[in-house]
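Q: No sequence on hand, only this structure:
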């Protein structure tokens with residue numbers, strides 16, 4: 001099969017304007033957001049409907065051409081980026097933006113995969129409902145990609161991750177057949193829950209083209225505080241007290257190191273320190289309620305006062321307006337962007353039992369400072385659900401370049417400690433290309449074997465997102 005013949009066949013599927021072959025048209029699709037991964041593709045194909053996705057998949061399946069699905073291209077592990085020199089196309093879903101249905105009685109929405117998360121949130125709000133997934137990239141990330149990576153975000157503590165928000169899926173399989181599983185039922189106990197295979201699979205089993213999503217009552221009020229804590233152990237005590245006192249009203253509990261805040265203050269215009277004095281560790285705490293008569297501000301102030309009395313908190317700023325709430329959240333949400341501006345770092349998206357976080361931070365800092373003396377640790381994350389972003393770099397460019405060369409050794413140091421705490425080396429970012437080889441060390445042969453058998457059963461030709469998630473069979 002010649003490349004011109006493939007391109008002609010793809011044009012028949014979606015139209016000439018939506019098969020991109022020129023280098024300048026493909027550029028945005030061939031590199032990841034961090035600029036770490038770059039690849040090549042015969043074409044970037046942009047279907048507008050499920051039927052067009054099915055036609056493209058059937059075309060590629062018949063010709064043995066791999067397909068790399070891509071949503072908003074905001075992933076952090078290279079899962080949506082083709083590799084160099086492979087026989088693939090990129091299938092971009094950015095034209096599939098239709099909201100097919102919203103039902104505020106059933107609390108459901110059916111949306112196509114190319115809808116941005118912000119579009120989903122806004123549509124839910126217009127129906128006086130909440131779609132609770134919240135990410136810093138929500139203006140550009142797409143719901144199909146969120147589902148394919150089982151994205152987490154800042155409100156997992158209260159609502160769960162993406163998996164908990166999905167009731168049903170529509171999926172185009174590798175041979176072009178379409179599975180319509182767009183059920184909106186809360187209960188459907190009729191055998192295997194097939195949608196779970198595709199949630200978190202990073203496009204290695206099929207193309208998610210639409211989803212039935214679960215909506216929630218919209219909170220009528222919220223209160224947000226930035227609290228300087230004595231140490232992570234004190235933050236853990238504060239979390240327990242907040243949940244005991246406020247229950248499910250606690251919607252976010254973010255642990256932020258001063259080094260993470262400093263990166264934001266250096267690189268994000270308009271960013272201002274929330275407290276007069278720096279603190280080694282801070283907590284960004286949000287509480288919300290669907291009731292309008294709950295005195296959330298008073299409850300948060302009372303919690304902070306008791307935490308002062310207990311010696312857990314040294315200073316606090318409680319937002320007095322919605323604008324101040326947004327300003328405090330901007331400090332947290334801009335950490336990743338600020339780090340990208342600052343330069344390369346060795347990033348770890350890990351999860352642990354919540355109770356183990358203080359001990360992990362102590363042990364990991366000791367190991368990193370001993371093994372890599374030039375390293376600077378930027379730690380932050382969703383302490384409420386056990387997910388930390390543990391990033392390592394050096395203050396100057398020359399020593400940082402040398403540190404980046406030791407990425408494998410740094411990863412081994414951090415991930416081995418995570419394994420000792422029965423944690424996970426990927427909490428919410430997925431595996432992609434970044435951790436594909438790494439999971440061999442941290443998943444059992446039985447787990448990897450089961451994953452391989454599922455992959456071989458659904459995608460026997462290995463055409464779906466090749467080189468992602470699963471290691472090569474000979475490596476385990």
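A: That came in fine, so what should we check first? Quantities reported herein were computed from a predicted structural model and do not represent experimental measurements.

Q: From now on I want contacts and neighbour counts done on CA atoms only, so please keep to that.
A: Will do.

Q: shaky segments in the protein?
A: Within the chain, the ranges that satisfy pLDDT under 70 run 1, 474-476.

Q: What residue spans form the domains of it?
A: Using automatic domain parsing, the domain ranges for the chain come out as 3-92, 99-217, 221-335, 343-420, 439-475.

Q: With distance to residue 426 added, can I get those domains in a markdown table?
A: Shown next, in a markdown table, are those (distance: least, CA to CA, whole Å):
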| stretch | distance to residue 426 |
| --- | --- |
| domain 3-92 | 10 |
| domain 99-217 | 11 |
| domain 221-335 | 18 |
| domain 343-420 | 5 |
| domain 439-475 | 9 |
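
Q: Any idea which of these gets closest to residue 431?
A: domain 439-475 (5.2 Å; CA to CA).

Q: Please identify which of the domains of the chain is closest to residue 432.
A: Nearest to residue 432, of the domains of the chain and by CA to CA, is domain 3-92 at 3.7 Å.

Q: For that closest one, measure first residue to last.
A: End-to-end distance of domain 3-92 (CA to CA, to the nearest Å): 19 Å.

Q: So what's the gap between that domain and the chain middle?
A: The chain centre lies 22 Å from the centre of domain 3-92; the measure is CA atoms, centre = their mean, to the nearest Å.

Q: Dump the domains of the chain into JSON lines; add mean neighbour count as well.
A: Compiled in JSON lines, the domains of the chain are given as follows (neighbours: other CA atoms under 10 Å):
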{"stretch": "domain 3-92", "mean neighbour count": "20"}
{"stretch": "domain 99-217", "mean neighbour count": "21"}
{"stretch": "domain 221-335", "mean neighbour count": "18"}
{"stretch": "domain 343-420", "mean neighbour count": "18"}
{"stretch": "domain 439-475", "mean neighbour count": "16"}
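
Q: so who does the closest residue to residue 335 other than its chain neighbours touch?
A: Excluding its sequence neighbours, the residue lying closest to residue 335 (CA to CA, 6 or more residues apart in numbering) is residue 264, at 5.6 Å. With contact taken as CA atoms under 8 Å, 6 or more residues apart in numbering, residue 264 is in contact with 271, 331, 334-335, 338-339.

Q: Tell me if residue 235 really is in a strand.
A: No - according to DSSP: H, G, I helix; E, B strand; the rest coil, residue 235 belongs to no strand; its state is helix.

Q: Now do the contacts for residue 111.
A: Counted by CA under 8 Å, 6+ apart, residue 111 has contacts 97-101, 120, 210-213.

Q: If you could redo that for residue 180, that was the one I meant.
A: Residue 180 touches 169-171, counting by CA under 8 Å, 6+ apart.

Q: and after the helix or strand encompassing it, which helix or strand comes next?
A: Using DSSP states H and E, residue 180 falls within strand 178-181. Per DSSP H and E, the first helix or strand lying C-terminal to strand 178-181 is helix 195-198.

Q: tell me the phi and psi of residue 170?
A: Backbone torsions of residue 170, given as degrees, to the nearest 10, read phi -110, psi 130.

Q: Test my guess that it contacts residue 206.
A: No - counting by CA atoms under 8 Å, residue 170 stays clear of residue 206, with 9.9 Å between them.

Q: list residues touching both of the two?
A: Joint contacts of residue 170 and residue 206 (CA under 8 Å, 6+ apart) do not exist.

Q: Return the residues in contact with the residue nearest the centre of the chain.
A: Geometric centre of the chain, nearest residue: residue 151, 3.8 Å, by CA atoms, centre = their mean. Neighbouring residues of residue 151 by CA under 8 Å, 6+ apart: 161-162, 428-429.

Q: Among the residues you listed, name the ones in strands.
A: Per DSSP state E, strands hold no members of the contacts of residue 151.

Q: closest to residue 106 among those residues?
A: Taking these together and measuring to residue 106 by CA to CA, the closest member is residue 162, at 18.5 Å.

Q: pretty sure the closest one is touching residue 154, no?
A: No - using CA under 8 Å, residue 162 makes no contact with residue 154, being 11.5 Å away.

Q: Please tell me I have it right and residue 140 contacts residue 117.
A: Yes - Residue 140 lies in contact with residue 117 (CA under 8 Å); the separation is 7.3 Å.

Q: just to revisit the earlier point, residues bridging contact with residue 162 and residue 154, i.e. touching both?
A: In contact with both residue 162 and residue 154: residue 133, using CA under 8 Å, 6+ apart.

Q: quick one: the strands in the stretch 301-450 of the chain?
A: For the stretch 301-450 of the chain, strands defined by DSSP state E, counting those that start in this stretch occupy the ranges 313-318, 349-351, 376-382, 387-393.

Q: I'd say residue 7 and residue 43 touch.
A: Yes - counting by CA under 8 Å, residue 7 touches residue 43, with 7.4 Å between them.

Q: Apart from its neighbours in sequence, what residue is nearest residue 184?
A: residue 167 (5.4 Å).

Q: who does the strand or helix carrying the one you found pair up with?
A: Element membership of residue 167, judged by DSSP H and E, is strand 166-172. If you go by DSSP bridges, strand 166-172 pairs up with strand 178-181 (antiparallel), strand 207-214 (antiparallel).

Q: could the ones you listed go into TSV alongside distance to residue 127?
A: Listed next are these as TSV, based on distance: least, CA to CA, whole Å:
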stretch	distance to residue 127
strand 178-181	24
strand 207-214	13
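
Q: how about those, which one is nearest residue 106?
A: The minimum distance between residue 106 and the strands paired with strand 166-172 falls on strand 207-214, with 8.7 Å, by CA to CA.

Q: Other residues contacting the closest one?
A: By CA under 8 Å, 6+ apart, the residues outside strand 207-214 that reach it are 50, 69, 93, 96, 107-114, 131, 144, 148, 165-174, 182-184, 198.

Q: ditto for stretch 401-412
A: Contact with stretch 401-412 is made by 344-346, 348, 368, 372, 374-375, 393-394, as judged by CA under 8 Å, 6+ apart.

Q: Which one of those is nearest to residue 461?
A: Distance to residue 461, by CA to CA, is smallest for residue 348 among those, at 32.0 Å.

Q: can I assume that closest one is in contact with residue 393?
A: No - using CA under 8 Å, residue 348 is not in contact with residue 393, being 11.6 Å away.

Q: would you turn the contacts of residue 151 into CSV with distance to residue 19?
A: Formatted as CSV, those follow (distance: CA to CA, whole Å):
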residue, distance to residue 19
161, 34
162, 31
428, 32
429, 29
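
Q: Going by distance to residue 27, which of those wins?
A: residue 429 (23.1 Å).

Q: Nearest residue to that closest one in space, please, no chain neighbours.
A: residue 76 (6.2 Å).

Q: wait, is the one you found part of a helix?
A: No - secondary structure assignment (three-state DSSP) places residue 76 in coil, not in a helix.

Q: Now for it: which residues touch it?
A: Counting by CA under 8 Å, 6+ apart, residue 76 has contacts 32-34, 429.

Q: just those residues now: which is nearest residue 353?
A: Among these, and counting by CA to CA, the member closest to residue 353 is residue 429, at 17.7 Å.

Q: In contact with that closest one, which residues?
A: So residue 429 contacts 75-77, 149, 151, 349 (CA under 8 Å, 6+ apart).

Q: Adding distance to residue 245, write these out as CSV.
A: Shown next, in CSV, are those (distance: CA to CA, whole Å):
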residue, distance to residue 245
75, 36
76, 36
77, 38
149, 33
151, 28
349, 30
